[in-house]
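K.L.:
pasting a predicted model and its sequence here:
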Amino acid sequence: MSVALTNGRVLLEDGLAEKRCVLLSGGRILDIVAPSDRRVRRAERYDLRGQLLLPGFIDSQVNGGGGVLFNDAPSVESIRAIGRAHRRFGTTGFLPTLISADLDVVARAIAAVCSAIEAGVPGVLGIHIEGPFLNVARKGVHDPAKLRELGPSALGLLTSLRGGRTLVTLAPEMTTPQMIEKLVAAGVVVSAGHTNATYAQICTALRHGLSGFTHLFNAMSQLTAREPGAVGAALDDPTSWCGIIVDGEHTDPVALRIALRCKTHDRFMLVTDAMPSVGTDNDSFELQGRRISVRGTACLDEDGRLAGTNIDMASCVRNAISMLGLSLPEAVRMASRGPAEFLGLAHDTGRIAPGLRADLALADDALNVLETWIAGRSSKDGDGR
C-alpha cells in the first residue's frame, strides 16, 4: 500500500510548496500531487502537521558519531551506530570516513562498508578514504607516520568496493596524473585535500579527473598574490565541487562568503567532518592515541589543532543560512542535491521528485529534525529517531 505524506510544506526544485502530497511506494517517491488526487484517498495518510519536508541530507565526510570512530572499529556495527547517530539530525545518506591509516586497515574498512551495504544498513552510500596519500606539510591531525605516496600497487584496493561509491581524498603531488585518471576511470571520485600543491599541479589533476576539494581552505595551499595554490584553483575552476565546513571554527564565514561569490552556489556542498562526539555528551575521545577535547562544535588536540568537528548536518544547514546569508532552499541543496551530484547519485537521491528514493527529513522552522525516511522507511520504525 502506498503512503501519502500530507499537510506539509514540501521543498521542491522551485521552492517550498504547500497543498502538495508526496506519495511513497516501494521505497521511492511515486508522485507529488494535489490533496484531491484519488491516489491520496486510497493511500495510508500521514499528516505532517504543517512542518517542513526536506530532501534527506547527504554527508560525504563522517569520521564518527554516537561515540564511535570509524578508524577504531571498521565494522558493520560501527557503521550502523554512526548512521543512527547522524540520522537524528536529518542525514539519510553518508560516507563513513577513514582517516589516514595503514593499507590493511583501509582494506578492512572497505570490506566493512561492502558488508554494511549488503546488509542494508540504513543510509550508508559508500566510503570516504581520506588519506594516507597526503602531504605531510598539510597533515593537520593526520598521523605523519601513516602518510605515503600513491602508486600502482594500491589501485586494486582503492577500486575494490562493490555496490557503493568510493571517494578518495589525496594530495595530487603525492601521486601522478595518470593514477588519478585510472581511479576515476574505475568509478572512484577523487578530491584534493591535505595538499601543498601549486595552482598548476591542481589544474593538471583537474584535467585528469579530480572533481572535488575536501574541506575548502583547510589543510591546503592558500591563495596568495603570486601563487594561487589549491584554494585559488578550487575557486577558479567552474565545475569542481568544494566541500565546506560551516561551523564558525574551521573557516571564517567571511572567507566562505567570498568563496561563494567566485563560483556558482551549486558547486558547494556542506560536510560535517564529524567526530564520535556527535550525538553524545562526551567531552573528549581518542584519535590514534591522542586525546581530543570537545569544546562546543570544535574538536581540538593537545596542541590546539582542529581535529574534525562536533557538529551535525542540520546545524550546518542552519549555519549556512545565518552565517553565509543563504536561503533555506540554497542551504538545503548544499546538503542534499549537491553532494548527490558530486557522488554521481543524483539519479537516485538528493531531491524530492518522482522516481527518486524516498530519503526525506521532516523538520520544524528552526530545522530541528523530527523524523526521517530512508528508502521510504520512517525512523520511527527503527534505526534512528
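P.N.:
The structure has been received and is ready for your questions.
K.L.:
contact partners of the strand or helix carrying Leu157?
P.N.:
Element membership for Leu157 (DSSP states H and E) is helix 155-158. Residues from elsewhere that reach helix 155-158 (CB atoms under 8 Å, 6 or more residues apart in numbering): 103, 106-107, 110, 129, 166, 168, 179, 182-183, 186, 188. Every C-beta, even on glycine, is put in place using the N, C-alpha and C of the backbone.
K.L.:
how far does it sit from the chain's center?
P.N.:
22 Å (CA atoms, centre = their mean, to the nearest Å).
K.L.:
hey, what's the nearest residue to Leu216 once chain neighbours are set aside bridged with?
P.N.:
Closest residue in space to Leu216, ignoring its immediate chain neighbours: Cys242 at 4.4 Å, by CB to CB, 6 or more residues apart in numbering. Note on Cys242: beta-bridge partners Phe213, Phe268, judged by DSSP bridges.
K.L.:
state the distance from Cys242 to Asp72.
P.N.:
Distance of Cys242 to Asp72, computed by CB to CB, to the nearest Å: 29 Å.
K.L.:
domain parsing for this protein?
P.N.:
The record, using automatic domain parsing to delimit domains, assigns the chain the ranges 3-54+353-381, 56-342.
K.L.:
what's the mean pLDDT across the helix holding Leu157?
P.N.:
In this model, helix 155-158 carries a mean pLDDT of 98.
K.L.:
quick check: next helix or strand after that helix?
P.N.:
strand 165-170.
K.L.:
report the angle between the next helix or strand after that next one and strand 165-170.
P.N.:
Next helix or strand after strand 165-170 toward the C-terminus (DSSP H and E): helix 177-185. With axes from the mean of the first three to the mean of the last three CA atoms, to 10 degrees defining the directions, helix 177-185 sits at 160 degrees from strand 165-170.
K.L.:
run the chain-centre distance for helix 177-185.
P.N.:
With CA atoms, centre = their mean, you get 22 Å for helix 177-185.
K.L.:
with only the CA atoms kept, save the helix or strand following it in PDB.
P.N.:
Where DSSP H and E defines the elements, the next helix or strand beyond helix 177-185 is strand 189-192. Only the C-alpha atoms of strand 189-192 are listed here, as PDB (Å, rounded to 0.1, in the frame of the first residue of the first chain):
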ATOM      1  CA  VAL A 189      35.500  10.100  -7.000                       C
ATOM      2  CA  VAL A 190      38.800  11.900  -6.400                       C
ATOM      3  CA  SER A 191      39.100  15.000  -4.200                       C
ATOM      4  CA  ALA A 192      42.100  17.100  -3.300                       C
END
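K.L.:
what angle separates whatever helix or strand comes next after strand 189-192 from strand 165-170?
P.N.:
Under the assignment DSSP H and E, the closest C-terminal helix or strand after strand 189-192 is helix 199-207. Counting by the same axes, to 10 degrees, helix 199-207 lies at 160 degrees to strand 165-170.
K.L.:
who are the packing partners of the longest helix seen in the chain?
P.N.:
The residue-count maximum for a helix in the chain (DSSP state H) belongs to helix 103-119. Applying 3 or more CB pairs under 8 Å, 6 or more residues apart in numbering; DSSP states H and E, one finds that helix 103-119 contacts helix 76-87, strand 91-99, strand 126-130, helix 155-158.
K.L.:
mind redoing it with 10 Å?
P.N.:
helix 76-87, strand 91-99, strand 126-130, helix 155-158, strand 165-170 (3 or more CB pairs under 10 Å, 6 or more residues apart in numbering; DSSP states H and E).
K.L.:
show the backbone phi and psi for Val33.
P.N.:
Phi and psi for Val33, reported as degrees, to the nearest 10, are phi -140, psi 170.
K.L.:
ok, it - contacts?
P.N.:
4, 20-23, 39-40, 354 (CB atoms under 10 Å, 6 or more residues apart in numbering).
K.L.:
picking up where we left off before, the longest helix of the chain: which residues count as buried?
P.N.:
105-106, 108-110, 112-114, 116-117 (16 or more other CB atoms under 10 Å).
K.L.:
what's the answer for stretch 53-72, then?
P.N.:
Applying 16+ other CB under 10 Å to stretch 53-72 flags 53-71 as buried.
K.L.:
also stretch 326-334?
P.N.:
Buried residues in stretch 326-334 (16+ other CB under 10 Å): 326, 328, 330-334.
K.L.:
and for stretch 148-158?
P.N.:
Applying 16+ other CB under 10 Å to stretch 148-158 flags 148-150, 154, 158 as buried.
K.L.:
how about stretch 190-208?
P.N.:
For stretch 190-208, using 16+ other CB under 10 Å, the buried residues are 190-199, 201-206, 208.
K.L.:
that one: how far from the chain's middle?
P.N.:
Counting by CA atoms, centre = their mean, stretch 190-208 comes out at 20 Å from the chain centroid.
K.L.:
what of stretch 15-32?
P.N.:
The chain centroid and the centroid of stretch 15-32 are separated by 24 Å under CA atoms, centre = their mean.
K.L.:
stretch 1-12 too?
P.N.:
On CA atoms, centre = their mean, the centre of stretch 1-12 falls 25 Å from the chain's centre.
K.L.:
go on, stretch 105-123?
P.N.:
Worked out by CA atoms, centre = their mean, stretch 105-123 lies 17 Å from the chain centre.
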